[in-house]
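*Asks:* build me a model:
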Amino acid sequence: MTHVVPEDRKVAKRAFDQAFVSDNFNVECRIRWADESIHWISATGRVYRNPQGNPVRMMGTVLDVTEQKRAQEELQRSEREFRQLAEAMPQIVWATTADGLNIYFNQQWVDYTGLTLEESYGEGWITPFHPDDRQRAWDGWQRATKHRDIYSLECRLRRADGVYQWWLIRGVPLLNANGEISKWFGTCTDIEQIKAAEQRLQESEAKFSGIVSISADAIISIDEEQRITIFNDGAEQVFGYSKAEAIGTPLGNLMPERFRKIHRQHVEGFASGPVTARRVGDRLTTITGLRKNGEEFPAEAAISKLQVGNKTILTVALRDITERKRFEKEQQLLAEAGAVLGASLDYDQTLATVAHLVVRDFADWCMVEVIDEHGVIRRLKVVARDPSKADLCAILQDMPIDRDGPYLLRGAFETKQSFLIKHLTWEQLESFAQGPEHLQSLRSMSPISVMGVPLLRQERLLGALAFISSTGSRDYGESELRLAEALAERVAMAIENARLYRSSVSATHLRDQVIGVVAHDLRNPLSTILTQLWTLRRRGAEAERRSPKPAQVIERAAMRMNRLIQDLLDIAIMESGQLTIERARLSASGLIVEAVDMQRPLASASSLELRIEADSDVPEVWGDRDRLLQVFENLIGNAIKFTKAGGSITVGATSRDHEVIFRVADSGSGIAPENLPRVFDRFWQATRANRQGAGLGLPITKGIVEAHGGRIWVESTPNRGTTFSFTIPQATPEQGRPSGPSGSALLESDRAA
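*Replies:* Presented below is the predicted three-dimensional model:
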């Protein structure tokens, strides 16, 4: 024991005495070596006993642990200093194991959370965290551990009184020699006041942003370098840039390059001047903006400035007035078109003028197609914005329209509906061509976007307009289509007014014709009546010798006068649109037999053969018996009138495509080709010599057939005869059943006769 330093001798003796009780010796103490230096040793040993249990010897080892002890002492000293520092700090200080188990909290933790050090050991540290922050805290810890990175987290911790406050928790990993985490040390800093200030700032910014964001106008703030600092949602919608793209960029990017220099100078002058707010572009009606896609647009803007310290903040409020300008231009176009359309009743010239207005402001090409009184589609005008395209316009205007083939406005004519092709493809263009030449002309127009609008007046189709854009910046949309339809409505009204005017002029001319015809055609039978009356008076009252011929002549003259009057009444009814058709289920063959029987005496008197040639299975038709007999009377009567004695007249019928085709053919003199288009005109006759009527029979016949939903046509060869054919729809199974004897039986009996 003499080498043990006096301060450790008691410890060494106690360990020595205990060894004889437990047979194990273990002690750490200081000894003095021969050179007087003090060393720490760690002595371990064992007591060995004889069979009687008495200790006989002790064996063990002694290790010099001086360096280890010095290191421990240094560590303990460091820990004492750390604890002294930690306890003196205003922040919460903590330490954990590599696995995140708490091993130290300073008194600040205890004072804030109310948890003792023992309650905070292990995983007890998570208890004060706000429930909404716990998972986030743990996930952040896992990430920091995985990447051996600094741990940083803003979260809410509960005070001892239950109130949560914001803290910033930061931790630093301590790495061992192998680069592995051995411990974590960190702090918790109270940031409640900072978070409160941030919250107030966010609320203030939210209010400002809310006010700015609800504006449909573009709100843009710029700094003294004219770089964008605020770019609201309205600005995103107007210019097409996102906030991230716009903020930090020059304001000049939002306008065409030709205006940037002068605009920058104006802004600099405003920023240094005394005025705090004014409109942008006071000298101009509008300014011009530039979207991200390169599109320019008209706008109105105002600028204001705010001095914050030494900085000047400028704010621009800008409104896109594209739609307003478009509406103003549309209203101007409609007003000008209305003035032009109302200025003249010559609608051919008027529509040409309107087409020129359209290509001035609305289209690169305009086509006007109308339906005339005969149902024929006529391309009235083709106009181009570019005067150099006049030859191409003439070519397109003169090209005939095949209604059975494809053409640009076919859809508008067939459906009576507008159509819009925003982006016309070459395949679509080819589908509109009526031939290679037509396709080449269409391609020369370079069409990009097309609209077709029907000209309707009270559901009656008068024609159609085509609006064609060949400019890349003008793609038609729904707003353009609405304007086109508004324009078409005015054009249709002008066409109707012009046609009503023409009809009134024609009616006046027709009235004069009627007066002339009536005066001429009624004078002849009246002269005949007067002559025969004079003859009767001259002969006296000798009844037994009186010839019946004068009376017969008077009767025929009176019947002719009655026929002329009835024709005039019928044509008047048709002109007024009041022709009534009382339909019933009729035997087609029965109609033919009845009509032929009525005309057979007149044919026989003219030495003509009148025969029937009809299919035996001709179906029934749905029509007006009396009106259809009137049609046969007119057609057979005309055939008798223009067929010489010895000739023949054939009346027949056949069925095709749900309709019955009736025909009346004669072997007469025929009609000259140049006169065929006029046979259904009122008051027209093939010959003016020996007039036998007013020239109304065929127009009346045509009106009756069309009122049934059918059509009528004529085929004729001079000196070989004429054939009139007309169609009447077949009766469907649902339509009324016929009554009376079968027409086919009558037909067979007539053939037998």
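*Asks:* roughly how far does residue 178 sit from residue 149?
*Replies:* 18 Å (Cβ to Cβ, to the nearest Å). All C-beta atoms are positioned from the backbone trio N, CA, C, and that covers glycine.
*Asks:* centre-most residue in the protein?
*Replies:* Closest to where the C-alpha atoms of the chain average out (Cα atoms, centre = their mean) is residue 478, at 6.8 Å.
*Asks:* let me know the secondary structure of the nearest residue to that residue once chain neighbours are set aside.
*Replies:* Residue nearest to residue 478 in three dimensions, not counting chain neighbours: residue 420, with 7.4 Å by Cβ to Cβ, 6 or more residues apart in numbering. Following DSSP: H, G, I helix; E, B strand; the rest coil, we place residue 420 in the strand state.
*Asks:* with residue 382 instead?
*Replies:* strand.
*Asks:* bridged to it, which residues?
*Replies:* On DSSP bridges, the residues paired with residue 382 through beta bridges are residue 367.
*Asks:* give me the pLDDT for it.
*Replies:* If you check residue 382, the pLDDT there is 92.
*Asks:* what of residue 229?
*Replies:* Listed pLDDT for residue 229 reads 90.
*Asks:* list the buried ones in stretch 418-431?
*Replies:* Across stretch 418-431, burial judged by 16 or more other Cβ atoms under 10 Å covers 418-421, 424, 429.
*Asks:* distance check, the residue nearest to residue 478 against residue 355.
*Replies:* 19 Å.
*Asks:* also residue 148?
*Replies:* Distance, residue 148 to residue 355, by Cβ to Cβ: 80 Å.
*Asks:* which one's more surrounded, those two?
*Replies:* Comparing residue 148 with residue 355 by other Cβ atoms under 10 Å, the one with more neighbours is residue 355, at 24 against 11.
*Asks:* what's the burial count for residue 399?
*Replies:* 16.
*Asks:* what do you get for residue 96?
*Replies:* 23.
*Asks:* isn't there a helix covering it?
*Replies:* No - counting by three-state DSSP, residue 96 is not found in a helix; it is strand.
*Asks:* quick one, what contacts it?
*Replies:* With contact taken as Cβ atoms under 8 Å, 6 or more residues apart in numbering, residue 96 is in contact with 102-103, 125, 171, 183-184.
*Asks:* just the residues you listed now: which is nearest residue 272?
*Replies:* Using Cβ to Cβ, residue 171 is the member of the contacts of residue 96 that sits closest to residue 272, with 52.8 Å.
*Asks:* looking at residue 178 and residue 149, which is more packed in?
*Replies:* For residue 178 versus residue 149, the count of surrounding residues by other Cβ under 10 Å is larger for residue 149: 12 against 6.
*Asks:* enumerate every residue touching that one.
*Replies:* With the criterion set at Cβ under 8 Å, 6+ apart, residue 149 makes contact with 143, 173.
*Asks:* just confirm it is within a strand.
*Replies:* No - using three-state DSSP, the assignment for residue 149 is coil, not a strand.
*Asks:* distance check, it against residue 442.
*Replies:* From residue 149 over to residue 442 (counting by Cβ to Cβ), the distance is 69 Å.
*Asks:* any idea which element residue 331 lies in?
*Replies:* Assessed by DSSP states H and E, residue 331 sits inside helix 322-343.
*Asks:* just the CA coordinates of that helix, formatted as PDB?
*Replies:* In PDB, the C-alpha atoms belonging to helix 322-343 read as follows (Å, rounded to 0.1, in the frame of the first residue of the first chain):
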ATOM      1  CA  THR A 322     -59.900  43.400 -77.700                       C
ATOM      2  CA  GLU A 323     -63.600  42.300 -77.300                       C
ATOM      3  CA  ARG A 324     -64.800  45.800 -77.000                       C
ATOM      4  CA  LYS A 325     -62.900  46.900 -80.100                       C
ATOM      5  CA  ARG A 326     -64.200  43.800 -82.000                       C
ATOM      6  CA  PHE A 327     -67.700  44.600 -80.900                       C
ATOM      7  CA  GLU A 328     -67.400  48.200 -82.000                       C
ATOM      8  CA  LYS A 329     -66.000  47.100 -85.400                       C
ATOM      9  CA  GLU A 330     -68.800  44.500 -85.800                       C
ATOM     10  CA  GLN A 331     -71.400  47.100 -85.000                       C
ATOM     11  CA  GLN A 332     -69.800  49.500 -87.500                       C
ATOM     12  CA  LEU A 333     -69.800  46.700 -90.100                       C
ATOM     13  CA  LEU A 334     -73.400  45.900 -89.500                       C
ATOM     14  CA  ALA A 335     -74.400  49.500 -89.600                       C
ATOM     15  CA  GLU A 336     -72.600  50.100 -92.900                       C
ATOM     16  CA  ALA A 337     -74.100  46.900 -94.300                       C
ATOM     17  CA  GLY A 338     -77.500  48.000 -93.200                       C
ATOM     18  CA  ALA A 339     -77.100  51.300 -94.800                       C
ATOM     19  CA  VAL A 340     -75.900  49.700 -98.100                       C
ATOM     20  CA  LEU A 341     -78.700  47.100 -98.100                       C
ATOM     21  CA  GLY A 342     -81.400  49.700 -97.500                       C
ATOM     22  CA  ALA A 343     -80.100  52.100-100.100                       C
END
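*Asks:* list the buried residues for that helix?
*Replies:* 330, 333-334, 337-338, 340-341.
*Asks:* that helix - contacts with which helices or strands?
*Replies:* strand 296-308, helix 347-361, helix 478-539 (3 or more Cβ pairs under 8 Å, 6 or more residues apart in numbering; DSSP states H and E).
*Asks:* isn't the residue nearest to the centre of the chain up against residue 451?
*Replies:* No - between residue 478 and residue 451 there is no contact under Cβ atoms under 8 Å: 10.3 Å.
*Asks:* what touches both of these two?
*Replies:* In contact with both residue 478 and residue 451: residue 420, using Cβ under 8 Å, 6+ apart.
*Asks:* distance of residue 442 from residue 155?
*Replies:* Counting by Cβ to Cβ, the gap from residue 442 to residue 155 is 71 Å.
*Asks:* repeat for residue 49
*Replies:* In terms of Cβ to Cβ, residue 49 sits 64 Å off from residue 155.
*Asks:* next: residue 61.
*Replies:* 53 Å.
*Asks:* equivalent analysis for residue 655, please.
*Replies:* To residue 155, residue 655 is 93 Å away according to Cβ to Cβ.
*Asks:* who's more crowded, those two?
*Replies:* More neighbours surround residue 155 than the other of residue 655 and residue 155, with 20 against 16 (other Cβ under 10 Å).
*Asks:* can you tell me the closest non-neighbouring residue to the more buried one?
*Replies:* In space, residue 155 is closest to residue 133, 4.0 Å off (Cβ to Cβ, 6+ apart).
*Asks:* tell me which other helices or strands the strand or helix carrying the one you found touches.
*Replies:* Using DSSP H and E, residue 133 sits in helix 131-147. Packed against helix 131-147, as judged by 3+ Cβ pairs under 8 Å, 6+ apart, are the following elements: strand 151-158, strand 164-175.
*Asks:* buried stuff in stretch 141-161?
*Replies:* 141, 144-145, 151, 153, 155-158.
*Asks:* distance between the ends of it?
*Replies:* 27 Å (Cα to Cα, to the nearest Å).
*Asks:* now swap in stretch 80-100 and tell me
*Replies:* 22 Å.
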